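Q: Sequence isn't available, so here's the structure alone:
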């Protein structure tokens with residue numbers, strides 16, 4: 001059965017490639033010299049602004065990285081505040097199913113079905129270019145995704161602890177809060193940290209819409225054909241994501257030990 005599924009996936013990939021008309025020759029650039037310049041720039045990232053040749057670039061990159069993290073942190077904080085109650089209501093153990101569960105699940109699906117970039121376009125049209133619209137563009141789908149996963153994790157957590165608490169006379173709510181949530185907490189925290197990393201990457205991408213994040217520096221330098229600057233911004237984003245990943249791994253290890 002497993003082998004059949006793999007063959008099915010392979011066949012689906014071949015059919016999709018044929019439908020899209022994929023041609024490996026399209027990957028070869030029309031301007032090989034420009035590709036060579038890009039590759040050379042990767043090993044010689046810029047330390048000064050290429051337009052002036054004198055203005056230090058690292059302070060500008062650092063400010064863009066700080067703005068990237070700030071927007072992501074603000075959006076994630078709002079998303080978490082919304083996702084915790086919605087996630088509890090999206091769990092059949094807490095809500096008991098029924099009409100409330102259906103309404104909450106529908107709301108969550110609506111929030112997460114629209115990508116951050118599409119939310120950014122809608123909010124830019126409605127609110128203009130501001131940090132508030134950037135934060136909301138990330139917060140809305142992040143809240144929906146977090147709530148969906150939180151609800152699923154609560155439903156999948158073993159009930160041994162809650163049963164033991166009920167046998168001692170605890171109420172249903174007490175049994176869930178003190179018997180289910182603590183056991184689910186490591187997984188909840190692990191996923192929340194992963195979503196924060198995703199928020200940072202999405203925050204960087206919002207720069208392509210004009211927000212002053214690392215993505216804005218990448219887009220501007222590419223448009224100006226300043227590839228050395230482009231790689232400086234890319235390396236900064238890489239270092240930021242790796243640093244966040246190491247930090248979140250440390251948080252997860254400390255939580256498991258406690």
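A: Perfect, I can see it now. Keep in mind that what you see is a predicted model, and the values were worked out from it rather than measured. Numbers count the residues shown, from 1 in each chain.
Q: Next, give phi and psi for residue 56.
A: Dihedral angles phi and psi of residue 56 (degrees, to the nearest 10) take the values phi -60, psi 140.
Q: For it, report the pLDDT, please.
A: Predicted confidence (pLDDT) for residue 56: 88.
Q: quick one, what contacts the closest residue to it other than its chain neighbours?
A: If you skip the residues right next to it in sequence, residue 56 has residue 48 as its closest partner in space, 5.9 Å away by CB to CB, 6 or more residues apart in numbering. For glycine as for every other residue, the C-beta is placed from the backbone atoms N, C-alpha and C. The neighbours of residue 48, taking CB atoms under 8 Å, 6 or more residues apart in numbering as the test, are 54-57.
Q: Please report how far residue 48 lies from residue 216.
A: Spatial separation of residue 48 from residue 216 under the definition CB to CB, to the nearest Å is 18 Å.
Q: Pretty sure residue 45 sits in a strand.
A: No. Note on residue 45: no strand contains this position according to DSSP: H, G, I helix; E, B strand; the rest coil, which reports coil.
Q: What number of residues are in the vicinity of it?
A: Neighbour count of residue 45, defined by other CB atoms under 10 Å: 18.
Q: Would you mind confirming that it makes contact with residue 239?
A: No. The pair residue 45 and residue 239 does not pass the contact test of CB atoms under 8 Å, sitting 11.6 Å apart.
Q: Select the helix or strand of this protein having the lowest average pLDDT value.
A: The helix or strand of the chain with the poorest confidence is helix 160-167; it has a mean of 58 (mean pLDDT, DSSP states H and E).
Q: Tell me where the stretch 101-250 of the chain has helices.
A: Listed in chain order, the helices found in the stretch 101-250 of the chain under DSSP state H, counting those that start in this stretch are 116-127, 131-156, 160-167, 172-179, 181-205, 214-223, 227-257.
Q: Show me what counts as buried in the second one.
A: The reference is to helix 131-156. Under the neighbour-count criterion of 16 or more other CB atoms under 10 Å, helix 131-156 has 133-151, 153-154 buried.
Q: residue contacts, the residue most central in space within the chain?
A: In the chain, the centroid-proximal residue (CA atoms, centre = their mean) is residue 198; its distance is 2.1 Å. Residues counted as contacts of residue 198 (CB under 8 Å, 6+ apart) are residue 142.
Q: measure it to residue 109 for me?
A: For residue 198, the distance to residue 109 (CB to CB) stands at 18 Å.
Q: Same question for residue 142.
A: 14 Å.
Q: what does residue 190 give?
A: Here the distance between residue 190 and residue 109 works out to 23 Å (CB to CB).
Q: So which of those two has more stuff around it?
A: With neighbours defined as other CB under 10 Å, residue 190 and residue 109 compare such that residue 190 has more, 17 against 11.
Q: Number of residues surrounding the residue nearest to that one when sequence neighbours are not counted?
A: Sequence neighbours aside, residue 252 is the residue nearest to residue 190 in space, at 5.4 Å (criterion: CB to CB, 6+ apart). Neighbourhood size, residue 252 [other CB under 10 Å]: 16.
Q: okay, residue 252: pLDDT?
A: 77.
Q: how about it, what does it touch?
A: Neighbours of residue 252 in contact, by CB under 8 Å, 6+ apart: 186, 189-190, 193.
Q: now swap in residue 209 and tell me
A: 117, 120-121, 124, 129 are the contacts of residue 209 under CB under 8 Å, 6+ apart.
Q: Turn the buried ones among the residues you listed into a named PyMOL selection, would you?
A: Selection of buried members from the contacts of residue 209 for PyMOL, criterion 16+ other CB under 10 Å:
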select buried, resi 120+124
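Q: where does residue 150 sit relative to residue 254, distance-wise?
A: When CB to CB is the yardstick, residue 150 and residue 254 sit 21 Å from each other.
Q: again, but for residue 147
A: With the distance defined as CB to CB, residue 147 ends up 25 Å from residue 254.
Q: and if you look at residue 158?
A: Counting by CB to CB, the gap between residue 158 and residue 254 amounts to 23 Å.
Q: now swap in residue 223 and tell me
A: 43 Å.
Q: and if you look at residue 60?
A: From residue 60 across to residue 254, the span is 35 Å (CB to CB).
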